[in-house]
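Colleague: Take a look and give me a structure for this.
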Amino acid sequence: MKICIATVKSPFIRGGAEILVENLKYHLLQAGHKVEDISIPFAAHPPQSLTDMIRACQLLSIDKNMVDVVISTKFPAYCINHPVKRLWILHQHRQAYDLWNTRFSSLKGHPEGADTKRFIFESDNQAFREAQRIYTISKNVSKRLQRNNGVFAPHLYPPPNSTGSISGEYGDYIFYPSRINPTKRQFLALQAALKANTRVKLLLAGAWEDATSRAFFERYIEDHGMKGQVSFLGYVSERKKNYLYENCLGVLFIPYDEDYGYVTVEAFHRGKPVITCADSGGPLEFVENGVNGIIARPDPLELAQAMDWLYMDRGVAKKMGSAALEKIISMDITWNKVLCALTE
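Modeller: The predicted model follows:
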């Protein structure tokens, strides 16, 4: 088949959404399909830019004589027109939905915020009515979709970049790989490290989204004498990231209401336990408290205690890590399942 993947892209930002599209395209090509991907430039501010992008996508039509199927992954790319449009939704525009009443939404306080929210809701519902099939990337996203729009959509978990079931040493550090963003709560991780009673180290890897937050974090680390304990590594290669996974004591992943989160799945494939929070969303579909990881309240002291526990008892860390690997293997998250759902 001739397949077009429609998504959106913010300049110079690379995260799970970009990895998913790259992997989807690769596996579709491997399966013998002809594939093109189309990325719509995305900007969330000001609100007028959101409505402009929606209208632009609604005016776009992909020729049915040139393309058999369109697979759309993100707002507002799923508003593009095609008679055989299948959605694999990473998330909607969360600031208009589940983040509306949180500190993470700049839309609510804007004079045009309420009108923009209504327009997003209406255009989403129209796109969902037009779609031939709708899937999401997790149970969490499916629940949001049903709650917000009354749409039932099965979930298809995306397989991670690499599934090498390799575990190295259980070192002296906790690893937190994720782009530096307020919803990922790296500052909470720093606060937790500050309260640790052991010599456990915290290594954070991920691209900075702005220079201001980088300066703030660096100043916080210096002011609290944490230079030998906490390290921000910035963006790291896949090879380096895999090494850090394989030799860490455990993985910290404490976002606010994450859609899915490759981090949990990648950590489990390396036989490493994951520390997450009770409000972290997607990771809770995998982490079982005390079995293959630790679920704590989003509280620095509780997270510090979880980090200290793994540091003081490597036997517990190894036992949880083994359970994590068993869990992820038993779930059988494969590209074959994804491609069957999206293309057959």
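Colleague: Touching, Leu29 and Glu36? I think so.
Modeller: No - with contact defined as Cβ atoms under 8 Å, Leu29 does not count as touching Glu36 (10.5 Å). In short, each C-beta sits where N, CA and C put it, glycine included.
Colleague: For this structure, just list every one of the strands.
Modeller: 2-9, 34-41, 69-74, 85-91, 133-136, 173-177, 201-205, 230-232, 250-252, 274-277, 293-296 (DSSP state E).
Colleague: For Phe121, which of those strands is the nearest?
Modeller: Closest approach to Phe121 among the strands of the chain (Cβ to Cβ): strand 85-91, 14.5 Å.
Colleague: Pull out the buried residues from the closest one.
Modeller: Along strand 85-91, these residues count as buried under the neighbour rule (16 or more other Cβ atoms under 10 Å): 85-91.
Colleague: Same question for stretch 284-299.
Modeller: Here stretch 284-299 shows 284-287, 292-296, 298 as buried, counting by 16+ other Cβ under 10 Å.
Colleague: and the residue most central in space within the chain, what is it in contact with?
Modeller: The centroid of the chain falls nearest to Gly261 when counting by Cα atoms, centre = their mean (3.6 Å). The contact partners of Gly261, by Cβ atoms under 8 Å, 6 or more residues apart in numbering, come to 16, 253, 255, 280-283.
Colleague: Summarise which helices and strands the helix or strand bottoming out on mean pLDDT in the chain is packed against.
Modeller: Ranking every helix and strand in the chain by mean pLDDT, DSSP states H and E puts helix 211-223 at the bottom, with a mean of 89. Contact here means 3 or more Cβ pairs under 8 Å, 6 or more residues apart in numbering; DSSP states H and E; on that basis helix 211-223 packs against helix 186-195, strand 230-232.
Colleague: Show me how the protein divides into domains.
Modeller: 2-156, 173-331 (automatic domain parsing).
Colleague: Can you tell me which of those is most buried?
Modeller: Sort the domains of the chain by mean neighbour count, taking mean count of other Cβ atoms under 10 Å, and domain 173-331 sits at the top with a mean of 19.
Colleague: how long is that one from one end to the other?
Modeller: 28 Å (Cα to Cα, to the nearest Å).
Colleague: Just give me how far that domain sits from the chain centre.
Modeller: 14 Å (Cα atoms, centre = their mean, to the nearest Å).
Colleague: Just put the contacts of Gly261 in a markdown table and tack on distance to Asp332 and pLDDT.
Modeller: Converted to a markdown table, these look like this (distance: Cβ to Cβ, whole Å; pLDDT from 0 to 100):
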| residue | distance to Asp332 | pLDDT |
| --- | --- | --- |
| Gly16 | 21 | 82 |
| Phe253 | 22 | 98 |
| Pro255 | 25 | 97 |
| Ser280 | 23 | 98 |
| Gly281 | 22 | 97 |
| Gly282 | 18 | 97 |
| Pro283 | 19 | 98 |
